[in-house]
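Novice: sequence first, then the predicted structure, then my questions.
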Amino acid sequence: MSTEQEQPRIGVSVCHCGTNIGGFLDVPAVAEYVKTLPYVIYSEHNLYTCADDGLTSIKNAIKEHDLNRIIVASCTPRTHAPLFQYTCESAGLNPYLFEFVNIREQCSWVHMKEKEEATLKAKDLIRMGVARANLLEPQTEKRVDVISKALVIGGGVAGMSASLSLADQGFQIYLIEKEEELGGMVRKYYKLTPSNIDALEFIDNMVNKIKIRENIKIYKSSIVKDVRGYIGNFKVTIEGKSNENLEVGTIILATGAQEFKPNGFYEYGQDERIVTTIELENKMRIKELDGVINVIMIQCVGSREERIPYCSRICCMTAIKNAIYLKKEFDISVNILHNEIRVYGDYYEALYRKAQEIGVHFNKFGENDKPKVLKENGTLNVEIFNEGLGRIEKYPADLIVVSTPMVNISDAESLSKMLKVPLGQDRFFFEAHVKLRPLDFATDGIFLCGAAHAPATIPEVITQGYGAASRAAIPLASGYVQVEAITSHVEEAKCRGCGRCVEVCEYKALELAELENGRRVSRTNEVLCKGCGTCVATCCNGAISMMHYTSEQINAMIDAALSEKVGGGIVG
Amino acid sequence: MDNMFKPRIIAFCCNWCSYAGADLAGVSRFQYPPNARIIRVMCSGRVEPRFVFRAFEKGADGVIVTGCHIGDCHYISGNKKAEERMKLVRYLIGILGLEEDRFRLEWISASEGQKFAHVMTAFINKIKELGPNPMFGKIEEGTECQQ
Amino acid sequence: MSAIDDLIDDTGAYDCVECGKCTTVCPVAKLDSNFAPRLIVVKALEGVDGGLAQNKDIWRCTTCAICSNMCPYKVDYTEFIRGLRGEAIIDGFEPICSQGGFMHTIARILSNQLHQDRLNWVTDDLKVAKKGEVYYFSGCQAHLNKIFKEKNVKVIDIARNCIRILNKVGITPAMSNNEVCCGHDLNWIGDEATLKKLMEINIKAIKTAGAKKVLFSCPECMRTFDFDYQGFAGDLDFELVYITDFLMDLVDDGKLEFKDKGKEKVTYHDPCRLGRHLGIYDSPRELIEAAGFELIEMENICENATCCGVNAFVTCEALSKTMQINRLIEAKNTQADKLVTACPKCLIHFSCAVWKEIPVEKEKVDIPIIDLISVVTERI
Amino acid sequence: MTDGYPPLILENKAYYCVECGKCSSICPMNRGEHGISPRRIVKKILENYEIEVIEDQWLYSCLICGLCDEVCPSMISFSTLIRELRHRALQSGNRKLCSKSGLLLQVGGIMMRPSLKQNRLDWLPKDTKISEKGDIMYFVGCLPFFDVIFKDIDPKTIDIAKGTLRMLNAAGIEPIVSNNERCCGHDQLWSGDIVEFEFLAKLNVEHFKELGIKKLLVSCPECYETISKYYPKYIGDLDFEVIYTMEYISELIDEGKITMKIDEMKVTYHDPCSLGRHLNIYEPPRNVIANIENLSFIEMPQNKESGPCCGVSAWITCDRTSKEMQINRLKEAISTGASKMITTCPKCLIHFLCSLKQRPEEEKDTMGIDVIDLSTLASKALEIPQREGQ
Amino acid sequence: MHGSALVLGGGVAGIQSSLDLANKGIKVYLVEKEPSIGGVMALLDKTFPTNDCSICILAPKMNECFAHSNIEVMTYSELTSLEGEAPNFQVTILKKARFIDEKKCTGCGDCTQKCPTKVPNKYNMNLDERKAIYLPFPQSVPRIMTIDKELCLKFTKDKCGNCSKVCKAKAIDYEQKDEEIVLQVGAVVVASGFEIYKPIEMFEYGYGKYPNVRTAIEYERLICASGPTEGNLLVEPNGEHPSQIGFIQCVGSRDFRRKNPYCSSVCCMYATKEAMLAREHYEDIEAYIFYTDLRAVGKNFQQYVDRAKKDYDIKYIRARPGQIVENPDTNKLTIWYDDLINPNVQSLEVDMVVLCTALMPSTTANRIGEILGIELDDNGFFRAKDLLGDPVSSTRDGIFIAGYCAGPKDIPESVTQASGASARASEVIAQAGG
């Protein structure tokens, strides 16, 4: 602790910011007052502290007065802290011994008509800053070396795209697929839109590209058995034809999804004329459609209901794509019964229009008024209340295709536990931030792409694969990860090992470790910690402290704010 | 007495939303009374009830904790935890006899400069209405604790 | 140094012959060989340069008084520690407290005579009066109840059941919204000044209520009144009675009877304040048996009872938890159905130890922890 | 590939319907007591229920105003669809209801007889200069008949023809006006009687050929639309140019060949559906109005594409809803503060005047507006000396 | 890695692409035509389906991007030419004069206060005014002023000069000239974003004619706490908050007539969000959403809609209204619609209508396409090399596409594609030995 080693020697620079501060409070008086505060050795005021001369002045003061703490009282740390920290650093002072006091955004600008009060407030704020500065400690931003290899779990289109891109960015990749062949879900399709390419040919093209990459090692019929470690240094055990231990820097989860089997819906499973989309794809592939004249497709079977409340995103497009093939290749009439046609964007909307052009029928049923499948003298009919016509309609069917949602794979739960990444309410893997971090997990070093995240189309999945490859490549390319200096720290002697902090940490940065004597203590993994301090506030006996935002520092600021009745309190 | 009373307010602001909201209030020149002293923390989830009571003990007339709106937390859910924790603060303030209105928990986003100013103004005005922190007010006035 | 000298004088520390008996019985020293009550005294005697009050070990002592009890030369180590802590805060040292000193902050706030709403937990089915001869001092149970809500400790049940049981025998206890924390925790971090402020408020409140007899369900409160208040303010003009003593008198007079609800086996943990500090060992045990329970004793009882590991919300560390777990194992080994204690803080600390992660197999410590009053109230 | 789609669906790309309901919710007739829903008509045809549509009397409620066409995001032409459906209805024996008991259609029917000796030029003022032969012909249409049939309303529709000729003469143009022209066939076309329509069209075109004209000026928007748009579609390309008189006159004004001035007044303008939404002709009439000195022009809130229909089309439907529409439109015109509402279609003129005349006596004051045809008004404003000065 | 890349467009996609590339060690030139990065996301109040505050989550990224040692943010700049082939492109950037010395300007705003010229504020959809010397919006990055040459009195009339007089940092430079900068880059990521359709030609909705008919982006500014009304929704004529709001979907999208046959992909959800916000601001408000097909297809979107229905009591009506008619006396609006579920045409009177208008390719897309030599599709979006198999590559090697300029998508999809495009760009750079 430096505070124990050396007395603080504090230098303070108060900024006029042109007239932005100087025009609304008495800056020279503030600078004068600051000199009276404990440990303040030096105080100055500048027109613009952030201008070159201001910065030089700080550097000189550090040298001349042997300062070991610097305070700048000017604008907001949110934009200017890096500049001043850099200045301190260049004068040989640890940047964490810098304290910023905001007397512009939160003082002069908001109290423009109360010069006296604003001046008092500025004094208070700087006094608080000084109190904190006394207790500041130097911090180092540690770096953790990263093993320049990545693991991709899942050899479907997402995983293959991610692997290809990572390999072409120059990294060694391990690609793990639990099935015997690469390709995942797409293998089960017949033809793909928009290029009309056969799904198997499409997969083969990708597989061939993967095969010629020397830096992709494929493990088929293999699964991940265990994952330990953290970003940069994961130790992974895989089980398959041969069991291996791999060491990788980052992991991409691309485990895909599966089609929901609509057992219990209509007579699926009992009448072979009722099939799922994927079963239809297979029928088209093997041309097993003799005698089929009318196909009825029913959308939203199993989805947008209590159990699976979400919309599965791709079913409308898949149905339309198949309807077009059925009509064009097999000359079969298709009637798509839907609640809504959810073909978003440009290409899929156009596909819908194309289906309309060639005579695919679209009929809408009510959200809470699902179609009924009737069996009459062995013939299948589907009955709906046709909202467009405003009456009940009955359609004969030789084949009924039920569009069912995608659901997460069955071993999602165990993977979630193994990788310490969460599942959402929809049971799909849950990303770090819905809007801006769609490919990351809150747990650093693990990334997400493809249908494991949510149902998605092939181009979307490929885009996600590339995207995840980009995210996963960052630590690999840097060779290290820069660790936050502002992290929590557990004092082992105090930790009671209750594990409450482990529970509250969203980043899985805390872990209960077992000591030799069998005692369990919590430990911060500084690589994963983001410095929010929730664990600190949670710990009941003060065993955790937050670097740079210690309780002592906060207490000191509270005390300093209230120690003098300069800026408030009862007057008179 | 009222016009002589200048409340002292401690405000805890999370770095990402409410501190940024306070900055925006500044940038937009929304005026509010100069009584609050902001302590910046990375997340409202860092604020412990004891800080609030320490502030009261040391003479604060009001304490306000501000964070990101629920769902907006930069650290995913720190504000939810703060909300949970601050329930205890409210309860204890009640039984200890510090007026409940001396404490506030508010969600203010980075785009709510106006809200920041409004909240501060309203809070400070409320504290002015309530008068000094009863622990200190009593001593200053040398009277028994007032109702 | 003269303050330390006075302290050494007062506590008889000069008599220490460095026999080390204190260390052999000290629960902290048992688990951490670097800690020894003897060494603290020795350092004081040798007049270690100024740094004595900065010795962090003074905050680790649980002030369980087992050492003082065992010392052949009657050195009052516990009081000695308290004195050192007082010196430490005079030096500007922040006490190392659990909850970051939260409890102490609250106690200090209470010394300001605010308009409390302290008795909001008194439900309509409980009869209490503003005035009366029998006064029930409920202490900090109301706020402790909320603070430890997360740990599934219903501290307030103790207070409610006290009133319930008193009501049952026809007593409507007097209570005051103006009473405050007894100051025990502040006293044990050396803050005598605030303790005195709290004392004045409490004595005034009790006098205002016209009390002749004050009942306590918290040994810490009782101890603070008995020793510290009377030490500062001289003899109080009301009687201080611990609830178990009071109830046993009623049992003996035939005024309190229990229903037989089957032979449940319980074991009893002596709180340090109640046992070694106040010497109350029998009435709790008698009450348990009177209520029809079978009492099975643990290995370490009465004078030898192990501390619950935490004191005055000061000491709380990894080691405290080990002490708690060990004590719980001891309790579980008796094969009793329940572990009964007579102190709200023991209840909190034991409950905390088994909250969330437990360092041993759950079965080893899997015993319900309940307070004495609640246990017997079930049977009236 | 396109099994099941009838040609009328294919031609109109009605398969693009997404059942959004914009058409049916802007349809003025759908808001009254009529059940006509363009959306449902399309849906029924798409689902092979055409027969239901053509048996439904609401098929004749449609005003062909074109608002639905104008807003349909799939660009389906409902009016074409309706026209063809009415044709099919007629073929299948489902006749429609007409206003004036179908009298006007009968007039057209009579005119189909090639041997008919007409006497349709007796209205021609003496001072009007017309030619027997030449490149330019002015098509008068049914204007002479309207004044007779709607005598009680006294719409003075023939003034349109008179005015048009005066303006043309003023610019030195002396067009052919023929006694042998026939009804253009507009009403036949829109009531589904394609046979009659084609018959009339052929008679007219043959007659124009005989005359050897190069330009046909038409002042009635419906005639203009019918001849310029539907004659080529049904009977082949025309070897003469069809010109809307207001466009022609607008050019003459721009060339300085005509100048106009009138007593100060405020006017507003009602776009006829066939001219506006059907043909996108919005500016020429406004240009003419703008060039009449002393006229101050104020647009109604609903104008151009959004202008409502006058409530009746092809003499088919005329009922309470029609009248409501007319009253609302007149009120809108009054709200502008104008003293005259100008229109360019004789039928609009008749329909609005009909509503005005039928108002109860006590409401008359509130209906303080006059409806007038642009040609009639413009011709009154003509400053003849201009030409003589040339 | 080393090497360099050009990112065109400083919206959320461009920012994400830049950060991904820069964090791998690649030098990035981020070119943005406006004076601040942030794009349309900086204009939004909240984002669906979490109702995150938009600027709160974007601003840290904007700052991170600007402060990044590997990223050179070039605002108020445009691409003017590209020569060569991947991985050796030579590009020319026109850095327009903002008449401010960027190194000296501290963003203090003294100049703005003294500027006498008020002009409509583009950032607030012209609903209020800004000055001729300005920051586009309070959270602008960089925090550097720009002088609008077309409107500044110094340039138009050689008068005033207030800004120069008050600027203590001496940052005003009326003599500043446009600069041409030539850069060598290995790859290009295009993220030029989109524009928002203004439905003036759609007479049936009366936009521009009726004061209480707004576009969604205007609404977004109105409901935003930092917007022109500080988050107060006000309607004519009384300036009171509305009691009923109707949101109309597919205004100009899925519309052949308006030349945007595609689905804009985000309107159903942002309308849901905006309706929720209305309810959150004024709990007595009634909100109606008129939709054609509710495209709640993203992760948790359907649940969001379900919540809007259940917890916020937002009414969804399956119809695209055909007409809005204003009562000229009250400025109330009657929405005429044909609800598919109820057979007859109906009307609803509301105080405010929000038109959820189409999002269209940026007007600059054509020019960018020409300069870069990459193709656009029929709708004006950049064409993917292979829509199925390579959705982030443009039709030219070494040039990649991300965000809305490559087709309709929401924010997470844009961010995803931005990362994807930067992965592909990194491949090009890595293989060139970078």
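Specialist: Received the coordinates, thanks.

Novice: surely A:D271 is within a helix?
Specialist: No. The assignment for A:D271 by DSSP: H, G, I helix; E, B strand; the rest coil gives coil, which leaves it out of any helix.

Novice: thinking it is in contact with A:T379, fair?
Specialist: No. Checked against C-beta atoms under 8 Å, the pair A:D271 and A:T379 is beyond contact range at 11.3 Å. All C-beta spots, glycine's among them, are computed from the backbone N, C-alpha and C.

Novice: looking at those two, which has the bigger crowd around it?
Specialist: Neighbour totals were compared for A:D271 and A:T379, and A:D271 leads with 14 against 11 (other C-beta atoms under 10 Å in any protein chain shown).

Novice: residue contacts, that one?
Specialist: Each residue near A:D271 by C-beta atoms under 8 Å, 6 or more residues apart in numbering or on different chains is listed here: A:375, A:380.

Novice: what residues are up against the closest residue to C:H115 other than its chain neighbours?
Specialist: Nearest-residue entry for C:H115: B:G97, 4.1 Å, with adjacent residues in sequence omitted and distances by C-beta to C-beta, 6 or more residues apart in numbering or on different chains. Counting by C-beta under 8 Å, 6+ apart, B:G97 touches B:134, B:145, C:114-117.

Novice: buried subset of the residues you listed?
Specialist: Listed as buried from the contacts of B:G97 are B:134, C:114, C:116-117; burial here means 16 or more other C-beta atoms under 10 Å in any protein chain shown.

Novice: which of the residues you listed sits closest to chain E?
Specialist: Chain E lies nearest to C:D117 out of the buried ones among the contacts of B:G97, by C-beta to the nearest C-beta, at 31.0 Å.

Novice: SS state for the closest residue to D:N169 other than its chain neighbours?
Specialist: Spatially, and ignoring its direct neighbours in sequence, D:N169 is nearest to D:K129 (5.1 Å; C-beta to C-beta, 6+ apart). Three-state call for D:K129 (three-state DSSP): coil.

Novice: need the helices for the stretch 251-380 of chain C, in chain order.
Specialist: Under the criterion DSSP state H, counting those that start in this stretch, helices of the stretch 251-380 of chain C are mapped to C:282-290, C:318-333, C:344-353, C:362-365, C:372-377.

Novice: chain B too?
Specialist: Along chain B, counting by DSSP state H, helices occupy B:18-27, B:49-57, B:78-96, B:113-130, B:134-141.

Novice: thinking again about what came up before, what residues does the residue nearest to D:N169 make contact with?
Specialist: So D:K129 contacts D:165, D:169, D:174 (C-beta under 8 Å, 6+ apart).

Novice: got the phi/psi numbers for it?
Specialist: Per-residue torsions, D:K129: phi -100, psi 120 (degrees, to the nearest 10).

Novice: what about it, distance to D:Y138?
Specialist: According to C-beta to C-beta, to the nearest Å, D:K129 stands 11 Å off from D:Y138.

Novice: spit out the residues that contact these two alike.
Specialist: Common neighbours of D:K129 and D:Y138 (C-beta under 8 Å, 6+ apart) are D:L165.

Novice: circling back to that earlier point, of the contacts of B:G97, closest to chain A?
Specialist: Closest to chain A, out of all of the contacts of B:G97 and judged by C-beta to the nearest C-beta, is B:P134, at 12.4 Å.

Novice: establish whether stretch E:345-353 and chain A are in contact.
Specialist: No. Using C-beta under 8 Å from any C-beta of the partner chain, stretch E:345-353 stays clear of chain A, coming no nearer than 12.9 Å.

Novice: could you list the buried residues of that stretch?
Specialist: So, applying 16+ other C-beta under 10 Å, buried residues of stretch E:345-353: E:345-346, E:348, E:350-353.

Novice: can you classify the residue in the stretch 51-200 of chain C that chain D sits nearest to by secondary structure?
Specialist: Closest to chain D within the stretch 51-200 of chain C is C:E150: 54.2 Å, counting by C-beta to the nearest C-beta. Here C:E150 is helix, with the state taken from three-state DSSP.

Novice: understood, closing this out.
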